[in-house]
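[1] What follows is a predicted structure for the sequence shown.
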There are 2 protein chains.
Amino acid sequence: MNYPSKLLEEAVTEIAKLPGIGKKTALRLALHLLKQEEQYSLQLAQAIVKLRTETTYCQSCHHISETTLCRICSDTRRDRSIICVVEEPPDVLAIENTGQYLGVYHVLGGLISPIEGIGPANLHIESLMNRVAQGEVKEIIFAISATMEGDTTAFYLAKRLKNYDLKITTLARGLPVGGELEYTDEVTLGRSILARTRYDN
Amino acid sequence: MNYPSKLLEEAVTEIAKLPGIGKKTALRLALHLLKQEEQYSLQLAQAIVKLRTETTYCQSCHHISETTLCRICSDTRRDRSIICVVEEPPDVLAIENTGQYLGVYHVLGGLISPIEGIGPANLHIESLMNRVAQGEVKEIIFAISATMEGDTTAFYLAKRLKNYDLKITTLARGLPVGGELEYTDEVTLGRSILARTRYDN
């Protein structure tokens, strides 16, 4: 591609670094910005800078927050005896969207991954231990991806937590709702037979 | 959607104003930015601001340009006797990508649209007339969308240009290459029968 100006090329290069946006879409977006009022580009750029430089995190659960404690941690209606452990803030948003969970969260900020050099010390694990040590917690839910890193992290956490009188649970694995049995992968199908549940009408 | 912070909500709102990007994708992009190095968000924001505030346009053809004359207008190998008239800079990029055109361009900056209050005076039409008046131009190609606004603009330009000794042409309309006859709309198919061309082996 022969760009008519360096400014355009630079903008396309930066925009195309975003996930799921290729050079073609980036060019379309850049040309769109050129057609809009200057005000819009300035607002967009400012929102991006403010988001990245001014976002703060909850001191208790490490979720995105505007205050010392996030909206969930400071909500008195939430059950503080259940902590749902997740990898990143988007996972909190996904679970909140279901409306099925009334406990609190703990965002690890990643998963243990020896390959990427991420060990327990790089994650918010000590602060989870501190929360548990306060004695109010009765259940820990591992809401972590079913990958090798996720399994490693869950295994490590379970070992660290085994001296506390806690119920440790993990998300149910099985057929996705609306999923067809025929097209479900064999590992999921196998696990869903082993973990079969009583049929309720 | 209940955003955990105002900063995130504002960023999502601004990003979702981009064409083809909904709230869900905008949220994914914003959370991606939060996970990346701060440096990247700053570079992205700066590239957007510089693009919008510092982009300049060619004095002759009004295409995006870094210099007084754009790369195409200042290229001595281009044929200055043919001017291809287009609506916006992306159209120039699209035609340049074909590698089939060796003349120069003229970017109108829009199309005549009484509904949107865009008249000939809002477009780069006088500068096109000045270029033609210099006497070097032999052909004008209308490479304009086949919409009502496009037809109106072409009609207006043709009227303004009729006193000059010029060949005025327009892009061929017909079946898209690779398009199936069965699924071609009737207007295009009708025009392509009327404008049928000699079959060359």
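    Looks like it came in fine.
[2] Could you use CA atoms for every contact and neighbour count after this?
    OK.
[3] So in chain A, where's the weakest helix or strand by average pLDDT?
    Ranked by mean pLDDT, DSSP states H and E, the weakest helix or strand in chain A is helix A:186-194, scoring a mean of 82.
[4] pLDDT (mean, whole number) over the longest strand anywhere in chain A?
    Longest strand in chain A by number of residues, with DSSP state E as the criterion: strand A:79-86. Rounded to a whole number, the mean pLDDT of strand A:79-86 is 95.
[5] Mind listing residues that contact the next helix-or-strand element following that strand?
    Using DSSP states H and E, the helix or strand that follows strand A:79-86 in sequence is helix A:89-98. Applying Cα atoms under 8 Å, 6 or more residues apart in numbering or on different chains, the contact partners of helix A:89-98 are A:63, A:64, A:86, A:101, A:105, A:107, A:109, B:1, B:31.
[6] Equivalent analysis for stretch A:154-169, please.
    With Cα under 8 Å, 6+ apart, stretch A:154-169 has contacts from A:129, A:132, A:137, A:138, A:139, A:140, A:141, A:142, A:144.
[7] about what we covered before: buried ones among the contacts of helix A:89-98?
    A:63, A:64, A:86, A:105, A:107, A:109, B:31 (16 or more other Cα atoms under 10 Å in any protein chain shown).
[8] circling back to that earlier point, now the buried members of the contacts of stretch A:154-169.
    A:132, A:137, A:139, A:140, A:141, A:142, A:144.
[9] Which residue ranges of chain A form helices?
    Listed from the start of the chain, chain A has helices (DSSP state H) covering A:6-15, A:23-35, A:38-54, A:89-98, A:126-133, A:148-161, A:186-194.
[10] Please work out how many residues are found near the closest residue to chain B within chain A.
    Nearest residue of chain A to chain B, counting by Cα to the nearest Cα: residue A:45, 4.3 Å away. Residues contacting residue A:45 under the criterion other Cα atoms under 10 Å in any protein chain shown number 23.
[11] which residues touch it?
    By Cα under 8 Å, 6+ apart, the residues touching residue A:45 are B:44, B:45, B:46, B:48, B:49.
[12] what does residue A:64 give?
    Residue A:64 makes contacts with A:55, A:56, A:57, A:58, A:70, A:89, B:4, B:5, as judged by Cα under 8 Å, 6+ apart.
[13] who's it bridged to?
    For residue A:64, the beta-bridge partners are residue A:57 (DSSP bridges).
[14] Check the spacing between it and residue A:82 real quick.
    Using Cα to Cα, to the nearest Å, residue A:64 is found at 19 Å from residue A:82.
[15] before we move on, what about residue A:19?
    For residue A:19 relative to residue A:82 (Cα to Cα), the value is 34 Å.
[16] Please identify which of the two sits among more neighbours.
    residue A:82 (21 against 12).
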